[in-house]
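Student: Sequence first, then the predicted structure, then my questions.
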Amino acid sequence: MTTMANDSTTRSADGGATPADSQWPLWEVFVQPPGGEPHEHAGSVHAVDAETALQNARDVYTRRGEAVNIWVVRSVDITASTPDDMGPFFDPGNDKPYRHPQFYKVPRGIRM
Amino acid sequence: MTPNKPETNLEDPARLAAFEARIAAGESIEPKDWMPERYRKQLVRMMSQHAHSEVVGMLPEGNWITRAPTLRRKMSLLAKVQDEAGHGLYIYCGTETLGVGRHELIQQLLNGTAKYSSIFNYPTLSWADIGAIGWLVDGAAIVNQTMLAKASYGPYARAMVRICKEENFHKRQGYEIMTTLAAGTAAQKRMAQDALDRWWWPSLMMFGPHDTDSPNSDELLRWGVKRKSNDELRQRFVNLTVAQAKAIDLMIPDPALRYDEATQNWLIGPIDWDEFWRVVRGNGPCNRERLAARRQAHDDGEWVRVAAVAYAAKHARAESTSEAA
C-alpha cells in the first residue's frame, strides 16, 4: 500500500495511514454462473474491506444475472505458480499416459 | 516456487524469439510471463487510453439522462452509462496486471496528460445525438473490440470478450432511437439526419490514422495485440453502417461515397485529418469541458471514499474488540 502526503489522509482498515483518494486493496473476483458450474475468475476490484469488495464485484461483474455466487479474495493472499516453473512443476502430470483411458487396449468391436 | 527475478533492460534475443514464437502459435500471454518491455509499454498505453475512453464516454451521454424523452429511454441510457463505468473498470483491472496502479492512471486522466478517444470531445446537442452515439460510436467500438477480443494479452482479450457481450445492447438501443426519429415527423427526421451528419466523420476517425500514418500499428500487429489494421476495421464499419443508414432512409454525409463492385466495399471520400489531430491535441469542441466534468465528478465523490474508509475502520475496530473479549 502506498502512503502519500495528502490532506485527506485517514486511517485505513488495517491501521495504516492511507489517503482516502488512493488505491484501496485489490481483490480478485470469482463468479459462479447459474447452472452448477464452478467459480471462474472474472477480474478484480479495489475496496476497503471484504463487504464493499463483494458489493463492488456485484456491480462491476454481475449486472446481467451472470452469477449465483461471488468470491472475493485479497490479491496479495493468492499464491500462484510462476511461468518459470511451468515445465518441472507440471512434469509429474505430463509423463503418465497411463492415467488416460486411451492408454488401454480394448478388444475390437467392444463398446466401452 | 522461484521468486520473480528483476528484469534487466536488455532484451535477451532468445527470450524475445521464444516470446514471438508463442504469439505466432496463438498462445495467450499472461501477466507473469516474460514479455518485451516495449510490449508491456504499448499495452499500458493502449489499454489505459481505452479505459479512459470508457470513463469519459459516460459524460456526453450522462448529459442527456435527465432529458430522455420517455422512461424506457431513460432506463436504457442509465444502464448504458453504468455499463461504460463497468467497462472502464474491466480495462483498468487488466492494466493493473501489467504493474500499473489504477490510481496512477486516473491521476493522468485528471491532470490532462492521458489521452482518450477523441470522439468524446464532440458535443451532444440534441436527443438524436444519443441515438447516433449508440449506433455509430458504439458500433465502431464493437468492430474494434471484437478484433481486440483476440488480442495476444490474456487479460485484455478477456476484458474485451466481456465488453463485446454487453455492448451490442448499446448499439441496438442507439439504432432504435435513430429508427424512431427517422420514421417520425419531418422535424424529428431532420434531427436524426443532423446527428448523423455531425457524428459520421468523427466515428470514422475513431479507427485512427490511415495505416500508412499509424506509427504504432506495425508493432501492435506483429505482437498480435491488434489483428487487423485501422483501415481494414474502418472499412468493415463503413460496409456495415451504409446499409443500416439506407434501411432507415438517412443519408451518409459523404458525396464521394460509392460502392466498388470489385472489392465489394463502400469507398469513402477523404477524411479531414487536420480536424482529427486538432481534437487529439486537446482543441476539440469539448476537451476542456470533459476534463472539468470528470474532475468535478471525482472531487464530488471524495466524501464517498472517505466514508468507505471510515466505515471499514470502524468495523475493523469492532471486530478486534469482540475478538479480544
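Tutor: Arrived safely. The model shown is predicted, which means the values in this text are computed figures rather than measured ones. Numbering: from 1, shown residues only, chains lettered A, B, ... in the order given.

Student: The residue of the stretch 101-250 of chain B found nearest chain A: neighbour count?
Tutor: As assessed by CB to the nearest CB, chain A sits closest to residue B:103 within the stretch 101-250 of chain B, at 4.3 Å. No exception for glycine: its C-beta is placed from N, CA and C like everyone else's. Residues lying near residue B:103 (other CB atoms under 10 Å in any protein chain shown) number 18.

Student: Quick check: nearest residue in space to it, chain neighbours excluded?
Tutor: residue A:23 (4.3 Å; CB to CB, 6 or more residues apart in numbering or on different chains).

Student: ok, now residue B:181?
Tutor: Leaving aside its sequence neighbours, residue B:181 sits nearest to residue B:192 (CB to CB, 6+ apart; 3.9 Å).

Student: Equivalent analysis for residue B:124, please.
Tutor: Nearest one to residue B:124, counting by CB to CB, 6+ apart, is residue B:60 at 4.4 Å.

Student: hang on, that neighbour packs against residue B:123?
Tutor: Yes - Residue B:60 lies in contact with residue B:123 (CB atoms under 8 Å); the separation is 7.2 Å.

Student: Between those two, which is the more surrounded one?
Tutor: residue B:60 (23 against 14).

Student: any idea how far residue B:130 lies from residue B:57?
Tutor: For residue B:130, the distance to residue B:57 equals 12 Å [CB to CB, to the nearest Å].

Student: ditto for residue B:75
Tutor: In terms of CB to CB, residue B:75 sits 19 Å off from residue B:57.

Student: which one of the two has more residues nearby?
Tutor: Shown here are residue B:75 and residue B:57; by other CB under 10 Å, residue B:57 has more neighbours (25 against 12).

Student: picking up where we left off before, name the helix or strand for the residue of the stretch 101-250 of chain B closest to chain A, please.
Tutor: Assigned by DSSP states H and E, residue B:103 belongs to helix B:102-110.

Student: following that helix, which helix or strand comes up?
Tutor: helix B:127-132.

Student: Just the C-alpha atoms of that following helix, please, in CSV.
Tutor: Written as CSV, here are the backbone C-alpha positions of helix B:127-132 (Å, rounded to 0.1, in the frame of the first residue of the first chain):
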residue,chain,number,x,y,z
TRP,B,127,-31.5,13.8,-28.2
ALA,B,128,-30.8,12.3,-31.7
ASP,B,129,-27.1,12.5,-30.7
ILE,B,130,-27.7,9.8,-28.1
GLY,B,131,-29.1,7.7,-31.0
ALA,B,132,-26.1,8.5,-33.2
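
Student: packing partners for the helix or strand where residue B:201 lies?
Tutor: Assessed by DSSP H and E, residue B:201 sits inside helix B:186-205. Here helix B:186-205 touches helix B:127-132, helix B:138-148, helix B:154-182, helix B:230-247, helix B:273-278, going by 3 or more CB pairs under 8 Å, 6 or more residues apart in numbering or on different chains; DSSP states H and E.

Student: Relative to residue A:98, which of those helices is closest?
Tutor: helix B:154-182 (32.3 Å; CB to CB).

Student: Using the neighbour-count criterion, name the buried positions in the closest one.
Tutor: Neighbour counts over helix B:154-182 (16 or more other CB atoms under 10 Å in any protein chain shown) mark B:154-160, B:162-164, B:166-167, B:169-182 as buried.

Student: next one: stretch B:265-283
Tutor: In stretch B:265-283, counting by 16+ other CB under 10 Å, buried: B:266, B:268, B:271, B:276, B:278-280.

Student: can you tell me which of those lies nearest to chain A?
Tutor: residue B:280 (28.5 Å).

Student: before we move on, the earlier item: give me the local confidence score for the residue of the stretch 101-250 of chain B closest to chain A.
Tutor: For residue B:103, the pLDDT comes out at 91.

Student: My guess is it contacts residue A:24. True?
Tutor: No - because the distance of 9.2 Å does not satisfy CB under 8 Å, residue B:103 is recorded as not touching residue A:24.

Student: shaky segments in the chain?
Tutor: I'll assume chain A. A:1-22 (pLDDT under 70).

Student: Please refer instead to chain B.
Tutor: For chain B, the ranges with pLDDT under 70 are B:1-10, B:324-325.

Student: which bits of it sit near chain A?
Tutor: Counting by CB under 8 Å from any CB of the partner chain, chain B comes close to chain A at B:1-2, B:4, B:30, B:32-34, B:79, B:82-83, B:86, B:89-90, B:93-94, B:96, B:101-103, B:158-159, B:162, B:166, B:302, B:305-306, B:308-313, B:315-316.

Student: From those residues, list just the buried residues.
Tutor: So, by 16+ other CB under 10 Å, the buried ones in the residues of chain B next to chain A are B:33-34, B:83, B:86, B:89-90, B:93-94, B:96, B:101-103, B:158-159, B:162, B:166, B:305, B:308-310, B:312-313, B:316.
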